[in-house]
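[1] sequence and predicted model, in that order:
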Amino acid sequence: MKIGPSIVSADLTCLINVVKILENNGIDFYHVDVMDGNFVPNITVGPDFVKTLRKITEKPIEAHLMISRPDLYVERFIDSGADMITVHIENEYYNEALNKMSKVRKGIAINPETAIEKIIPILDKIDFVLVMTVHPGFSGQKFIESVVPKMKKLKEIQKNYNFEISVDGGINKHTIIKVKDYVDMVCAASGIFSGDITENIKALRI
Ligand code: DX5
Ligand code: ZN
């Protein structure tokens, strides 16, 4: 299981030190939450943050785009050094955005209340599914347990395709047990950054 810290929730006053700690603890990729205050009720970072992060790490960087017009920004994120880009199936421009993703891994994110059937038609053209286990917008929310049956279903469907399954929202040492059999990748903010980073990462590797 690959571990991807949701890096905008780290102590950004010393990003370079956090990156060192995370990589000494063997994290696999970075998950960058991009929010525009329109698609979700919060604002975070953009392509320039990815560019900064790119300068201080060689690990893959995923940009999780929670913005109204991902199609207009995909190329900027690619130019800034993103290796994986995720758009929401709930976004009306998801297809346009996916079509602009050349040379990066393509992800489709699915909100807790969206049925898995929605993404089936595009599963053959994506590289990973990001299953949201909170409502997108903020870190530190409670894991929504009712999403687990959907993950089980997706794990079954996965046998006929070539995508990975990632999970995002409320993942910590207590909730990881509920999803670990269904995922290839895990994203976490508070589950990694609240408390001791080393211990938290160790606890996620059960
Ligand atoms: C939610 C974001 C998540 C979030 C995870 O909108 O997409 O990546 O930062 O935070 P935790 O792990 O604290 O739920
Ligand atoms: Zn995210």
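    That came through, no problem. Ligands and ions are numbered 1, 2, ... in the order given.
[2] give the buried residues for stretch 23-32.
    Residues of stretch 23-32 classed as buried: 25, 27, 29-32 (neighbour count, 16 or more other C-beta atoms under 10 Å). Glycine gets a C-beta too; all of them are placed from N, C-alpha and C.
[3] got JSON lines for the residues you listed, with pLDDT too?
    Formatted as JSON lines, those follow (pLDDT from 0 to 100):
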{"residue": "Asn25", "pLDDT": "98"}
{"residue": "Ile27", "pLDDT": "98"}
{"residue": "Phe29", "pLDDT": "99"}
{"residue": "Tyr30", "pLDDT": "99"}
{"residue": "His31", "pLDDT": "99"}
{"residue": "Val32", "pLDDT": "99"}
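[4] nearest to ligand 1, of the residues you listed?
    Closest approach to ligand 1 among the buried residues of stretch 23-32 (C-beta to the nearest ligand atom): His31, at 5.8 Å.
[5] against ligand 2, how distant is the residue nearest to Gly37 when sequence neighbours are not counted?
    Among residues not flanking Gly37 along the chain, Ile43 sits closest, at 4.2 Å (C-beta to C-beta, 6 or more residues apart in numbering). As judged by C-beta to the ion, to the nearest Å, Ile43 and ligand 2 stand 14 Å apart.
[6] for Ile43, give me phi and psi.
    phi -130, psi 130 (degrees, to the nearest 10).
[7] wait, isn't it in contact with Asp36?
    Yes - if you go by C-beta atoms under 8 Å, Ile43 and Asp36 touch, sitting 6.5 Å apart.
[8] of these two, which one has the most company?
    Asp36 (17 against 12; other C-beta atoms under 10 Å).
[9] wait, the more buried one touches Tyr73, no?
    No - assessed by C-beta under 8 Å, Asp36 is found out of contact with Tyr73, at 9.1 Å.
[10] what's the overlap in contacts for these two?
    Ile67 (C-beta atoms under 8 Å, 6 or more residues apart in numbering).
[11] got the residues of this structure near ligand 2?
    33, 64, 168 (C-beta under 5 Å from the ion).
[12] could you look up the SS state of the first one?
    Secondary structure for Asp33, judged by DSSP: H, G, I helix; E, B strand; the rest coil, is strand.
[13] neighbours around it, how many?
    Every residue meeting other C-beta under 10 Å relative to Asp33 is counted, giving 26.
[14] whether the strand or helix carrying Val74 contacts ligand 1 - can you check?
    Using DSSP states H and E, the element containing Val74 is helix 70-79. No - with C-beta under 6 Å from any ligand atom as the criterion, ligand 1 is not reached by helix 70-79; the gap is at least 13.7 Å.
[15] so who does the residue of the chain found nearest ligand 2 touch?
    Residue of the chain nearest ligand 2, by C-beta to the ion: His64 (3.9 Å). For His64, the contacting residues are 31-34, 86, 107, 109, 130, 168, 187, by C-beta under 8 Å, 6+ apart.
[16] redo the residues you listed as CSV? Include distance to ligand 1.
    Below are the contacts of His64 laid out as CSV (distance: C-beta to the nearest ligand atom, whole Å):
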residue, distance to ligand 1
His31, 6
Val32, 9
Asp33, 5
Val34, 9
Thr86, 9
Gly107, 12
Ala109, 8
Leu130, 8
Asp168, 5
Cys187, 5
